[in-house]
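K.L.:
got a sequence here, can you model it:
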Amino acid sequence: MVGKQDAPTAVAVVDLDGMVSGWSEGGRLLLGWTAHDAVGRPVTDLLVTPPPPGFPEGRGAGPTQSVALRHRDGSAVDAVVTAQPLSGPAGRALGHVVTFQRWGRRPVIADRAFEQCPFALGVYDPELRFQWINASSGRVIAHTEEQVLGKKYREVLPEFDRTLFPERDDKPYTDKLSEVARTGEPARLITVFRPSGSDYANAWATSIWPVRDGEGRVRAVANWGFDMSAEYWARQRLLMLNEASGGIGRTLDVTGTAQELARTPVPGFVDLVSVDLFDEVLRGEEPPSVSAFTPGETIEVSRAAEHSAREDTDRAPGRTMPVSHAPGSVAARCMATGRSTVELVAAPGQGGEWAFGPGLAADPAHWPPGNPVVDESLAAVGLTGRITVPLRARGALLGVVAFCRLERPEAFTADDLILAEELTAKAAVAIDNARRYSRERTTALALQRSLLPQSLSNQESVDVASRYLPGGTGTEVGGDWFDVVPLSGARVALVVGDVVGHGLHASAGMGRLRTAVRTLADVDLPPDELLTHLDDLVLHLASDLKPGDQFQPTSESGATCLYTVYDPVSRRLTLASAGHPLPLIISPDGTRTPVAAQPGPPLGIGGLPFEATELELPEGSLLALFTDGLVQSRERDVDEGIAELQRVLDCSATSLEALCDTVMDAMLPERRTDDAALLLARTHALDPRHVADWDIEPDPAQVPRARKFAVDQVDAWGLEEASFVTELVVSELVTNAIRYGEPPIRLRLIRDGSLICEVSDASNTAPHLRRARAFDEGGRGLLLVAQLTQGWGTRHTTNGKTIWCAQALP
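P.N.:
Okay, here's the model as predicted:
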């Protein structure tokens, strides 16, 4: 058996009569017949089955089919037979030389294996001349072996113009062949190109190795390659989905997310993507219900994004275009049914199967019901295929997306539909998140703007201007705020604060703090006392919450606040800070006035004191109150920002409004992540001639003299029409101070935007309105003051209290 398995080739000489006239030793080894046994017998006696027609003459046209030979022991030996004519002198035919090769012999089976290999096999000389190719390789290059043998690669396959045919670029393959021939180092590569005569781009995995002679010299280059298009495009789809995971939804902006969806699949998957959204989605509102669409109704949407491989058609954020989808259109049907549609120009191939290019046959082609649809009208608008997918998230319909191919002839596959739906699903969730964020941001911003001062009232003591800018797109609204509060005695309070966190909670917390500051300012508390009461209020708000409350901790906890009071009579500024940056003060000569104050703890800490600082300002000083969002960013710390703000502030600027714009433009980066508030104030000093005061002895006999002093001063100011009321209120306030207060007693008149009358004494007891009975002799004085004046009140000082009232000037 070993001899039979390893038997060499048998050779027999057959004469013209078909008789064996010669027999080789290989025949004995192969079949067991000796030359004595075989010579003189018909060659057909060596066959198990009847001989093929024309045997052995017909066996000379190359390799033949196998035949069964009879071994001497009676067994059959499968072999292939080759016959070559045998000629004598003058070309006289003498018979045939017949060669028998065992079918299982390695050289024969190897030839057949290489020839029938589904991989493309080829051998080139070092100059890249074809030496051999198998049938698969011939099909790839659309040439037979006879057509290419001895020719150079570029003689058979000229190099394509890559500017015209980028998908047919096989230069990486030929470059690698030359490199292996030159270096003798094997190589592997993956090339994607469209073979000549094919409508599909194929991905080929190729291995190239050198063929060396006995002395180690490179005599040829061999390669094998196989079409891995199915695996390659499946990998590309996964890569695109991975890219979409990181590239779609990076911003909380509806149109920005739509643009990300439009850009991601171009040009790797399709050539044109359009994203249409309902206007309600763009506005951050709830999208319309599908049940709201009536049959035959045109669906109105807006083109939020569009991107093409031919030219950049991206729409700027916020720029949309109205689009109408007629009843019965593919987009309208998709939105109504919630199912995707694939449209192709090409018709199905024979047998009703869709024809796909080489390498794509491995792709799943199990289409969902109703897909694909042949629509020859696509060609009229320059398309070769289109996938329309409804944009749905959390059960809501947001719009529709169209994935289009323009010039590439590849037909969409079922895998392409899956990819389009996956991309759309990822984008739909991101768009819906952006829509929900936009709604909350709009609500928070509206709430915050409603709680901030709509306009700053004109003050005689200061000129003011302010700016507030929320964080950039994709960031939540913060809790920055500011206020200007008129106080008694022509004074004014300038306030700025920052609530930690973002969103509705921060806006609501800001509103509560601003209201509390306004209320405490009306009591006319000093800045340090006001912050102490504000700190207590924040602690009480936190203690009122139940455990597990969704609003715990309160937004006000950790908030900061800067409270300043400017008196134009004394030109003194008093301030206290609860963890907030101190103001910048620029003197009229442009130098910075240092503020030697120590900010206290943020609000909500409790148990720690706040310190008030007082300093005198030259007239015309510029005050800048701000939040950290103005001076702090990712690019710079707070100290650097404050130094930059000081550089930008120009005390000589004639318009505070223009200076506000200059500061905001210079300080805020294009992509800011926090909101910023700025309050500018230029101080004025009240003319000393508009202030008059008198010391009054604690004697009721001094009341007429105080009335006369007041009336004379009012007449001197040219305010004769206010003399009567001034005489009444001075009489009442001075009488109360003498009767119920403690010396020293002082009367002061201030002519500002109004006529202010103040009476101070050393007592801390504050008067209050009461309802006098019919026969009471007193109790009507303050009621009279309240009725005759624009307002009245009490403020406590370190030396007692001051009762004041203000009259509107004629």
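
K.L.:
low pLDDT regions in the stretch 701-810 of the chain?
P.N.:
768-781 (pLDDT under 70).

K.L.:
which stretches of it form strands?
P.N.:
In the stretch 701-810 of the chain, the strands defined using DSSP state E, counting those that start in this stretch lie at 745-751, 754-761, 791-797, 800-808.

K.L.:
what's the answer for the stretch 51-200 of the chain, then?
P.N.:
66-70, 76-87, 93-102, 120-124, 130-133, 187-193.

K.L.:
and the third one, which strands flank it?
P.N.:
In other words, strand 93-102. Here strand 93-102 has these sheet partners by DSSP bridges: strand 10-15 (antiparallel), strand 76-87 (antiparallel).

K.L.:
wait, a strand at residue 465?
P.N.:
Yes - under DSSP: H, G, I helix; E, B strand; the rest coil, residue 465 falls within a strand.

K.L.:
can you count the residues close to the nearest residue to it once chain neighbours are set aside?
P.N.:
Once flanking residues are discounted, residue 465 sits nearest to residue 656: 3.6 Å by Cβ to Cβ, 6 or more residues apart in numbering. C-beta here means a position set from N, CA and C on the backbone, and glycine is covered the same way. Applying other Cβ atoms under 10 Å, we find 18 residues neighbouring residue 656.

K.L.:
where does the stretch 301-450 of the chain have low pLDDT?
P.N.:
The stretch 301-450 of the chain contains residues with pLDDT under 70 at 311-318, 346-365, 441, 444-450.

K.L.:
ok, 90 please
P.N.:
For the stretch 301-450 of the chain, residues meeting the criterion pLDDT under 90 lie at 309-320, 327-328, 333, 336-338, 344-384, 394-395, 406-416, 434-450.

K.L.:
tell me the contacts of the residue nearest to residue 582 when sequence neighbours are not counted?
P.N.:
Of all residues not flanking residue 582 in the chain, residue 595 sits nearest, at 4.8 Å (Cβ to Cβ, 6+ apart). Applying Cβ atoms under 8 Å, 6 or more residues apart in numbering to residue 595 gives the contacts 575, 582, 583, 585, 613, 615.

K.L.:
and residue 271, by the same measure?
P.N.:
308, 309, 310, 404, 405, 406, 407, 408.

K.L.:
if I've got this straight, the third one is in a helix?
P.N.:
Right, the one you point to is residue 310. No - assignment of residue 310 by three-state DSSP gives coil, placing it outside any helix.

K.L.:
near it, how many other residues are there?
P.N.:
So residue 310, with other Cβ under 10 Å, has 12 neighbours.

K.L.:
contacting residues for it?
P.N.:
So residue 310 contacts 271, 272, 406 (Cβ under 8 Å, 6+ apart).

K.L.:
try 7 Å
P.N.:
Residue 310 sits next to residue 406 when contact means Cβ atoms under 7 Å, 6 or more residues apart in numbering.

K.L.:
residue numbering should commence at 26 henceforth.
P.N.:
Happy to do that; since the first residue is 26 now, the last one works out to residue 335.

K.L.:
pretty sure residue 673 is in contact with residue 690, am I right?
P.N.:
No - counting by Cβ atoms under 7 Å, residue 673 sits too far from residue 690 to count as a contact (9.1 Å).

K.L.:
looking at these two, which has the bigger crowd around it?
P.N.:
Between residue 673 and residue 690, counting by other Cβ under 10 Å, residue 673 is the more crowded of the two (15 against 9).

K.L.:
who touches stretch 812-829?
P.N.:
With contacts defined as Cβ under 7 Å, 6+ apart, stretch 812-829 is touched by 513-514, 549, 750, 753-754, 758, 779, 781-789, 791-792, 810-811, 830-833.

K.L.:
and of the strands of the stretch 726-835 of the chain, who's closest to residue 151?
P.N.:
Nearest to residue 151, of all these, is strand 816-822, at 103.2 Å by Cβ to Cβ.

K.L.:
list the buried residues of the closest one.
P.N.:
817, 818, 820 (16 or more other Cβ atoms under 10 Å).

K.L.:
next one: the first one from residue 779, what distance?
P.N.:
In this case it means residue 817. Per Cβ to Cβ, to the nearest Å, residue 817 is found 12 Å from residue 779.

K.L.:
helix, strand or coil for the residue nearest the centre of the chain?
P.N.:
Residue closest to the average C-alpha location in the chain (Cα atoms, centre = their mean): residue 275, at 1.9 Å. At residue 275 the chain is in coil, as set by three-state DSSP.

K.L.:
residues contacting it?
P.N.:
Residue 275 touches residue 285, counting by Cβ under 7 Å, 6+ apart.

K.L.:
repeat that for residue 456.
P.N.:
The neighbourhood of residue 456, defined by Cβ under 7 Å, 6+ apart, consists of 279, 282, 283, 306, 418, 423.

K.L.:
just the buried residues of those.
P.N.:
For those, a burial check counting by 16+ other Cβ under 10 Å picks out 279, 282, 283, 306, 418, 423.

K.L.:
longest helix in this structure, by number of residues?
P.N.:
helix 439-476 (DSSP state H).

K.L.:
surely residue 195 touches residue 217?
P.N.:
No - with contacts counted by Cβ under 7 Å, residue 195 stays clear of residue 217, the gap being 10.0 Å.

K.L.:
all helices for the stretch 226-375 of the chain, in order.
P.N.:
Along the stretch 226-375 of the chain, counting by DSSP state H, counting those that start in this stretch, helices occupy 254-272, 279-288, 304-307, 355-362.
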